[in-house]
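1. Give me coordinates for this.
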Amino acid sequence: MRIAVTYENGQIFQHFGHTAQFKLYMVEGGAVASSGVLSTNGSGHSALAGFLVNHQVDALICGGHCH
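-> Model (predicted):
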């Protein structure tokens, strides 16, 4: 399973549509087998969904905030 987390400076980034990076975790047998940071190369909002699909991500974890 591949899990992506919106990422900035070692923490979960609070705004999905503006994240510049994802931390990608590869999970096998209930444990993290490997991880790495991927740059979104400036992609935003709707393009990020395709970015995640292209990297075969199964789940997304992102921060949230109220306006």
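
2. Now Ala59: closest residue in space that isn't a chain neighbour?
-> Ile3 (4.8 Å; Cβ to Cβ, 6 or more residues apart in numbering). In short, each C-beta sits where N, CA and C put it, glycine included.

3. I figured the one you found hits Ile61, correct?
-> Yes: Ile3 sits in contact with Ile61 when judged by Cβ atoms under 8 Å, with a separation of 6.6 Å.

4. Compare those two (neighbour count), which wins?
-> For Ile3 versus Ile61, the count of surrounding residues by other Cβ atoms under 10 Å is larger for Ile3: 17 against 13.

5. Can you list the strands that the helix or strand where that one lies pairs with?
-> In this structure, Ile3 is located in strand 2-8 according to DSSP states H and E. According to DSSP bridges, strand 2-8 forms sheet pairs with strand 11-12 (antiparallel), strand 21-28 (antiparallel), strand 59-61 (parallel).

6. can you list contacts of it?
-> 12-16, 19-27, 37-38, 52, 55-63 (Cβ atoms under 8 Å, 6 or more residues apart in numbering).
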